[in-house]
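Trainee: Sharing a sequence plus its predicted fold:
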Amino acid sequence: MVKTFKTILVMALMFSVGTTLANLTALGDPFEGNSWGQGFIESGVGPFDLVAVQMVTAGAFFESTTHYSFTDSSWSTLYENDATYPTFASATGDAVTSLTWNIRFADPKAPLVFDFVAFNGDTLLEAARATYNGSGWSFASTSWDPQKSALIPPAVPVPGAFLLSGIGVTLVGWLRRKKAV
C-alpha cells in the first residue's frame with residue numbers, strides 16, 4: 001500500500017514537472033521568405049493571451065512582421081522590432097489553449113537562439129529557450145522572467161486626442177469667461 005502510494009506520488013510529481021517544461025513546438029521544416037521562418041504551436045499550458053519572443057543570439061534579429069498566420073483570428077502582433085527593442089516581439093489575442101503561428105527571422109539561419117514566454121493575464125505560464133542548430137530545434141527552460149507590462153508597447157497619444165483635449169480646454173475657458181462677465 002505504501003509502495004503504491006509512493007509510486008503514484010512520484011508519477012504525479014513527474015507529470016507536474018513535465019507540464020511546466022517547454023510546450024512550444026516547431027512545426028515542419030523552416031521555410032524561406034524574405035529571410036526565413038518557422039511554424040510553431042503552443043499548447044498544454046492552459047489558456048494564454050500573450051506570447052513574446054526575445055532574441056538571444058548576438059547580431060540576430062526578428063523579421064517584420066515577426067508573428068503572423070495565427071490559427072485564431074483574434075491574435076495579432078502587438079509590439080515588434082522598434083528602435084528601442086530591435087530583438088523583441090510580442091503578440092496577443094483572446095485566451096486560447098492551443099495556437100499555431102509563424103515566426104520570421106532575419107539571417108543568419110543558424111545557430112539561432114531566442115527566448116519565449118506565454119502569459120494568461122499577468123501570470124507567466126511558460127518560459128522556454130528555443131535553439132536552432134541548422135538541422136532542428138531544441139527547447140529548454142530559460143531564466144527570462146519579464147513582467148507582462150514590459151511586453152506591451154507604451155501608449156502613444158493620438159494627434160486627435162491632443163486636438164480634442166485642446167478644444168475641450170478652450171471651450172471650458174471660453175465658458176468660464178462668458179459666465180464671469
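Mentor: On my side now, so go ahead. Numbers count the residues shown, from 1 in each chain.
Trainee: Could you point out which residue ranges in the chain have low pLDDT?
Mentor: 1-22, 33-34, 81-86, 154-169, 171-176, 178-181 (pLDDT under 70).
Trainee: Count the neighbours of D115 for me.
Mentor: D115 has 19 neighbouring residues, counting by other C-beta atoms under 10 Å. In short, each C-beta sits where N, CA and C put it, glycine included.
Trainee: can you give me the strands in the protein?
Mentor: Under the criterion DSSP state E, the chain contains strands at 24-32, 36-55, 62-68, 76-80, 88-105, 112-120, 123-132, 137-141.
Trainee: In a markdown table: those strands, plus distance to Q147.
Mentor: Formatted as a markdown table, the strands of the chain follow (distance: least, C-beta to C-beta, whole Å):
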| stretch | distance to Q147 |
| --- | --- |
| strand 24-32 | 20 |
| strand 36-55 | 11 |
| strand 62-68 | 20 |
| strand 76-80 | 14 |
| strand 88-105 | 12 |
| strand 112-120 | 10 |
| strand 123-132 | 9 |
| strand 137-141 | 19 |
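Trainee: R177: which of those is closest?
Mentor: With C-beta to C-beta as the measure, strand 76-80 is the member of the strands of the chain nearest R177 (44.2 Å).
Trainee: Identify each buried residue in that closest one, please.
Mentor: Across strand 76-80, burial judged by 16 or more other C-beta atoms under 10 Å covers 77-80.
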